[in-house]
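Engineer: Compute the structure for the input listed below.
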Amino acid sequence: MHAILEPLPRSDGVACFTRLYLEVTKAVQAELAGAAFADPHFLQRLDVVFADLFFDALDAHEGSLRDVPPAWVPLFEARSKRGIAPLQFALAGMNAHINRDLPVALVTAWIEAGIDPSLGSSQHAAFERVNEVLARVEQRVKGEYLTGWLNTLDRRLHRFHRIDDVLAMWDIRRARATAWVNGGALWAMRSDAKLEAEYLGALDRMVAFSSRGLLIPADTTLKKVRRGFRRLQRDPLWWV
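Structural biologist: The predicted structure is shown next:
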């Protein structure tokens with residue numbers, strides 16, 4: 001993730017998501033340090049398979065959007081657009097990664113571990129335990145995207161701030177719980193490759209649709225003024 005971030009400007013949509021992903025990952029590791037799990041190998045392997053799906057999508061994007069899972073396309077298409085807040089990019093990435101990638105990663109981890117993904121399993125208990133930690137960590141990290149005097153003033157001047165709508169659309173605990181259910185559906189279909197592909201395709205499209213909603217520009221008048229002022233500082237004659 002550090003290698004992904006290094007060449008990218010901070011405003012790049014992929015960079016915004018990667019920063020959130022990296023900070024959440026480090027914070028969760030710190031909170032779970034020393035914690036005992038019934039099947040730690042399962043969680044470790046799930047983390048690796050899960051992260052690789054994001055890296056694979058990004059690698060595919062370097063070639064052509066046609067090779068990218070549809071759930072990731074909205075973020076990649078919008079990554080350089082103005083008027084979209086960093087938090088929107090970050091949550092759109094989380095949306096694609098958890099709602100699309102996590103069910104796929106779960107099936108891979110279940111198959112490799114040779115386990116049945118029942119709701120009462122030790123693996124599910126560990127998964128839910130991580131959900132609670134993730135929810136706390138994500139809330140804290142998201143707050144960092146909303147701090148600063150200008151953001152505070154902006155939110156007070158614009159009561160129906162678009163960011164409020166975005167935050168209301170996203171809940172990591174609910175998303176991960178749904179991912180387990182969708183993973184179970186893919187698991188049940190694993191003997192029918194055609195049906196499994198159709199289900200994943202429908203899931204991909206649904207996640208892409210919700211990501212487009214998360215990425216509707218959140219510009220306000222104050223932010224436009226700030227952007228114009230910064231541009232004027234860089235080039236006083238830009239409007240000539």
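Engineer: Can you list the low-confidence ranges for this structure?
Structural biologist: 119, 141-170, 218-240 (pLDDT under 70).
Engineer: For the spatially most central residue of the chain, which residues are in contact?
Structural biologist: With distances taken as CA atoms, centre = their mean, the residue of the chain nearest its centroid is Met94 (1.0 Å). Counting by CB atoms under 8 Å, 6 or more residues apart in numbering, Met94 makes contact with Phe17, Leu20, Tyr21, Glu138, Trp170, Ile172, Ala175. From N, CA and C alone the C-beta is placed, and that goes for glycine too.
Engineer: Distance check, the third one against Val14.
Structural biologist: Distance, Tyr21 to Val14, using CB to CB, to the nearest Å: 10 Å.
Engineer: shared neighbours, those two?
Structural biologist: Gly93.
Engineer: The closest residue to Pro86 other than its chain neighbours: what's it in contact with?
Structural biologist: Using CB to CB, 6 or more residues apart in numbering and skipping the chain neighbours, the partner closest in space to Pro86 is Cys16 (4.3 Å). Remark: with contacts taken as CB under 8 Å, 6+ apart, Cys16 is in contact with Arg10, Pro86, Leu87, Phe89, Ala90, Gly93.
Engineer: What's the ChimeraX line that selects buried ones from the residues you listed?
Structural biologist: The buried subset of the contacts of Cys16, as determined by 16 or more other CB atoms under 10 Å, is captured in ChimeraX by this line:
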select :86,87,89,90,93
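Engineer: tell me which of the contacts of Cys16 is nearest to Ala197?
Structural biologist: Closest to Ala197 out of the contacts of Cys16 is Gly93 (23.9 Å), distances taken as CB to CB.
Engineer: what about the closest residue to Ser118 other than its chain neighbours, neighbour count?
Structural biologist: In space, Ser118 comes closest to His124 once its chain neighbours are excluded; the distance is 7.0 Å by CB to CB, 6+ apart. By the measure other CB atoms under 10 Å, the count of residues near His124 is 15.
Engineer: Ok, Asp47 next?
Structural biologist: For Asp47, the count of nearby residues is 16 (other CB under 10 Å).
Engineer: and it, how far is that from Asp39?
Structural biologist: Taking CB to CB, one finds Asp47 at 13 Å from Asp39.
Engineer: Equivalent analysis for Ala208, please.
Structural biologist: Distance from Ala208 to Asp39, by CB to CB: 33 Å.
Engineer: can you check Ala90 too?
Structural biologist: From Ala90 to Asp39 the distance is 30 Å (CB to CB).
Engineer: and if you look at Val28?
Structural biologist: From Val28 to Asp39 the distance is 17 Å (CB to CB).
Engineer: Quick one: the helices in the chain, in order.
Structural biologist: 2-5, 13-31, 40-63, 73-78, 86-96, 102-113, 122-144, 149-157, 162-169, 172-188, 193-214, 221-234 (DSSP state H).
Engineer: Tell me the gap between the fourth one and the middle of its chain.
Structural biologist: In this case it means helix 73-78. 12 Å (CA atoms, centre = their mean, to the nearest Å).
Engineer: And that helix, what does it pack against?
Structural biologist: helix 13-31, helix 86-96, helix 193-214 (3 or more CB pairs under 8 Å, 6 or more residues apart in numbering; DSSP states H and E).
Engineer: what comes up buried for the longest one?
Structural biologist: Of all the residues in helix 193-214, those buried under the rule 16+ other CB under 10 Å are Glu196, Tyr199, Leu200, Leu203, Asp204, Val207, Ala208, Ser210, Ser211, Leu214.
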